[in-house]
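1. Sequence and predicted structure are below.
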Amino acid sequence: MKTTVRTIEGSRQGLFIGGQIVAPKNGRYIDSFDPTTGERWYGLAEADADDVEAAVSSAHAAFRNPAWRRMTQTERGGLVRRLADLVLAHADELADIETRDNGKLLKETRAQMRSMPDAYHYFAGMADKLQGETIPVNKLDMLNFNLREPIGVVGMITPWNSPLMLLTGTLAPCLAIGNTVVIKPSEHASASTLALAELVAEAGFPAGVVNVVTGTGKSAGEALTRHPGIAKYVFTGSTATGRRIAGNAAENLIPCSMELGGKSPHVVFADVDIDHAVNGVVSGVFAAAGQTCVAGSRCFVEASIYNRFVEALVARTQRIRVGHPTVDETDIGPLALADQLYKVEGYVASGVKEGARVAVGGKRPQSGELGRGWYFEPTVMTDAQNDMTFMRDELFGPVVGVMPFSSEEQMIELANDTRYGLASGIWTKDIDRAMRFANQIEAGTVWINTYRSSSFMSANGGFKESGYGRRGGFEVMHEFSRLKNVIIDYSGAMQDPFVIRLK
Ligand code: NDP
């Protein structure tokens, strides 16, 4: 991989279409910024409908290309494995690039990049395990069976918070099955996806199997989601954009898989070790400066321990070190974009106006270097109510609202009183209660005495306005393949169709 943070610095990054880096047809580039300073660090191609057309055509040509279409399943799995090995070999460079682009902690992006190859290997192994089935047909000398085949060109639109990790769970199975893809990464963090495309070429995938069009959602994103030549869209991002993309796709009757926002409940019962639960709540909401879709941003605490819990949570939050994302001691880096920072500030102010209290944090650090970047202090808001604006909307920042509950029934009602349904967490030693929670909560993921633990081997996704479709596990192979029913008559004697008479 030739691309590094140094080669990107100050450069103009092109598009990746048909296995080559190409300039956008309109010649336009937009700035990408370093979130630790707010300064420009490179220009990225601002693709429009013409570039999207070229990328989709290239993906279609690759889908028909015998070099890809007629590759055996085991060979295709081998290519995905080669990509996994290249990702592992370049994990630290990919992490450097992504951290520079979105300000995520280097230790976290490194851990993500180093673990990603395992997911590529897992899905690579499925390339030659996807199988159809034979079905009874109620006639003699006939064979009725289903084939599973790739669906075609998949359009992937990814967000800025964990671009490569979120891409892996859909790109790896798509390639293992034999689809081709066009990826539109976020204009705020496109560099690591372009670097990955270089590894795709190095691994030996035929040209056009993977294409990357960068640019804005308004231009490149809209053009991609209005294109009739896409077989399926995979989107990760906000519910508002998801709704718009699903609308565009519906015009052409194209199915989607949507992983959208969340406002996940994190519940603490009185029977737990408070320090353990505090650690769980802190990591659940402040990791990645709150910029995770599963952030446990509504914290419900059993009334009998509410004061003690809040005291411990505030004390733990005060010890969180905000700092530069490449420094090992840093616990929380900056937000990825200036707009995100202003949005979080606005929600905290609205919470205070509606009666909540900032127990700790609530502002941007003012001193030295931190004052220049897009940093925000980890924030605990007490006296929160479930109907306050900051408790209803997804902030995507390091802010948790805490409120007491007095009964299990009330807690379930509060936890489910949200338009989202992505994740949830509960801390209790009572397994019966934990299972009652797991059964009643309206969320795609339930964590019991842990939070944010995840596995690419299980199917994840949301309920309600958090989306539909699943990532991970074997289920994902069904998301990116389609069934074809085949019936064979091997009697050797086709009956005269008009011989049947009324009895
Ligand atoms: P968006 O939903 O706006 O963006 C996600 C992706 O969609 C980006 O690649 C974006 O491109 C693209 N996009 C935007 N508009 C369109 C469009 N009309 N057609 C096609 N593609 C489009 O999220 P933001 O980046 O603005 O973040 C805002 C909020 O989204 C966050 O505050 C958070 O609530 C949520 N979010 C959720 C994530 C999750 O993991 N579930 C991840 C990231 C964000 P571009 O960035 O270039 O505009």
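-> Thanks, I have the structure now.
2. Could you tell me how far stretch 96-112 lies from the centre of the chain?
-> 16 Å (CA atoms, centre = their mean, to the nearest Å).
3. Quick one: mean pLDDT over it.
-> What stretch 96-112 shows for mean pLDDT is 96.
4. Can you give me the end-to-end span of it?
-> 12 Å (CA to CA, to the nearest Å).
5. And stretch 142-158, by the same measure?
-> End-to-end distance for stretch 142-158, by CA to CA: 46 Å.
6. For it, buried residues please.
-> 150-158 (16 or more other CB atoms under 10 Å). Just so you know, the C-beta spots here come from the backbone N, C-alpha and C atoms, and that holds for glycine as well.
7. just stretch 320-332 next, same as before
-> 320, 322-326, 330-332.
8. ok, which pair from these is furthest apart?
-> Using CB to CB, these reach their maximum pairwise distance at Ile320 and Thr326, which is 17.3 Å.
9. sorry, back to before: mind putting the buried residues of stretch 320-332 in a markdown table, pLDDT, secondary structure and distance to Ser407 included?
-> Formatted as a markdown table, the buried residues of stretch 320-332 follow (pLDDT from 0 to 100; DSSP: H, G, I helix; E, B strand; the rest coil; distance: CB to CB, whole Å):
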| residue | pLDDT | secondary structure | distance to Ser407 |
| --- | --- | --- | --- |
| Ile320 | 97 | coil | 32 |
| Val322 | 95 | strand | 37 |
| Gly323 | 94 | coil | 41 |
| His324 | 93 | coil | 45 |
| Pro325 | 94 | coil | 42 |
| Thr326 | 95 | coil | 47 |
| Thr330 | 95 | coil | 40 |
| Asp331 | 96 | coil | 35 |
| Ile332 | 94 | strand | 34 |
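10. How far does stretch 16-23 sit from its chain's centre?
-> That offset, for stretch 16-23, works out to 25 Å (CA atoms, centre = their mean).
11. could you give the mean pLDDT of it?
-> If you average the pLDDT over stretch 16-23, you get 97.
12. Stretch 201-209 too?
-> 98.
13. where does the closest residue to Gln440 other than its chain neighbours fall, phi/psi-wise?
-> Spatial nearest neighbour of Gln440, chain neighbours left out: Ile412 (5.1 Å); criterion: CB to CB, 6 or more residues apart in numbering. Main-chain torsions, Ile412, degrees, to the nearest 10: phi -60, psi -40.
14. number of nearby residues for Glu394?
-> 25 (other CB atoms under 10 Å).
15. The nearest residue to it once chain neighbours are set aside: what secondary structure?
-> Excluding the flanking residues, the one nearest Glu394 by CB to CB, 6+ apart is Gly261, at 4.0 Å. Applying DSSP: H, G, I helix; E, B strand; the rest coil to Gly261 yields a three-state assignment of coil.
16. Just to check, Gly261 is in contact with Ala423?
-> No. With contact defined as CB atoms under 8 Å, Gly261 does not count as touching Ala423 (11.1 Å).
17. Now do the shared contacts for the two.
-> Common contacts of Gly261 and Ala423, defined by CB atoms under 8 Å, 6 or more residues apart in numbering, comprise Cys293.
18. Those two: who's more crowded?
-> Ala423 (28 against 24).
19. Whichever strand or helix holds Ala277 - what's its average pLDDT?
-> Assigned by DSSP states H and E, Ala277 falls within helix 274-286. Average pLDDT, helix 274-286: 97.
20. contact partners of whichever helix or strand comes after it?
-> Downstream of helix 274-286, the next assigned helix or strand under DSSP H and E is strand 298-302. For strand 298-302, the external contacting residues (CB under 8 Å, 6+ apart) are 263-270, 281, 285, 309-310, 313, 384, 386, 391, 400-406, 411, 414-415, 418.
21. switch the cut-off to 7 Å
-> 263, 265-270, 281, 309, 391, 400-405, 411, 414-415 (CB atoms under 7 Å, 6 or more residues apart in numbering).
22. Those in strands, which ones?
-> 265-268, 400-405 (DSSP state E).
23. and this structure, which residues reach the ligand?
-> Residues of the chain that fall close to the ligand, judged by CB under 6 Å from any ligand atom: 157-161, 184-188, 216-218, 221-222, 225, 236-238, 241, 244-245, 259-261, 293, 394, 396.
24. just to revisit the earlier point, so for the residue nearest to Gln440, what's the pLDDT?
-> Note on Ile412: pLDDT of 98.
25. residues near it, how many?
-> Ile412, neighbours per other CB under 10 Å, totals 20.
26. any idea how far it is from the ligand?
-> 24 Å (CB to the nearest ligand atom, to the nearest Å).
27. surely that residue meets Ala438?
-> No. Applying CB atoms under 7 Å as the test, Ile412 and Ala438 come out as separate, 11.1 Å apart.
28. Among the residues of the chain next to the ligand, name the buried ones.
-> Among these, the ones that count as buried by 16+ other CB under 10 Å are 157-161, 184-188, 216-217, 221-222, 225, 236-237, 241, 244-245, 259-261, 293, 394, 396.
29. Please list the members of those that lie in helices.
-> 222, 225, 241, 244-245 (DSSP state H).
30. Report the beta-bridge partners for Lys232.
-> Val154 (DSSP bridges).
31. what pLDDT does it get?
-> At Lys232, pLDDT is 98.
32. ok, now which ones touch Asn485?
-> So Asn485 contacts Asn146 (CB under 7 Å, 6+ apart).
33. Quick check: mean pLDDT of the strand or helix carrying it?
-> Per DSSP H and E, Asn485 falls inside strand 481-489. Averaged across strand 481-489, the pLDDT comes to 96.
34. List the pairing partners of that strand within its sheet, with orientation.
-> Applying DSSP bridges, one finds strand 481-489 paired with strand 142-150 (antiparallel).
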